[in-house]
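> Sequence isn't available, so here's the structure alone:
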């Protein structure tokens, strides 16, 4: 039973380290994720005039036609 307790302790420790790292990166506020490259600004970065990545017409172009 000692090895099971050690395994559970290790898993819990890894979970705490993972959550701590994620929290630290979130609170630190650097541009490690989205927001630093202005890719979410409508009209830029490949977006069309409405701000969407895919136009409504393109959504239905690959639908299979029923025969």
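Received the coordinates, thanks. Every value quoted in this text rests on a predicted model; they were computed, and no experiment measured them. Residues are numbered from 1 along each chain as shown.
> And residue 6, how close does it get to residue 18?
To residue 18, residue 6 is 19 Å away according to CB to CB, to the nearest Å. From N, CA and C alone the C-beta is placed, and that goes for glycine too.
> can you map out the helices along the chain?
2-28, 56-59 (DSSP state H).
> Okay, now the unreliable bits of the protein?
Residue ranges of the chain with pLDDT under 70: 29-52, 65-67.
> Apply 50 and report the result again.
Applying pLDDT under 50 to the chain flags the ranges 43.
> May I see the helices of the chain organised as TSV, with mean neighbour count added?
Compiled in TSV, the helices of the chain are given as follows (neighbours: other CB atoms under 10 Å):
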stretch	mean neighbour count
helix 2-28	9
helix 56-59	9
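> Next, work out how far apart residue 20 and residue 14 are.
For residue 20, the distance to residue 14 - CB to CB - is 11 Å.
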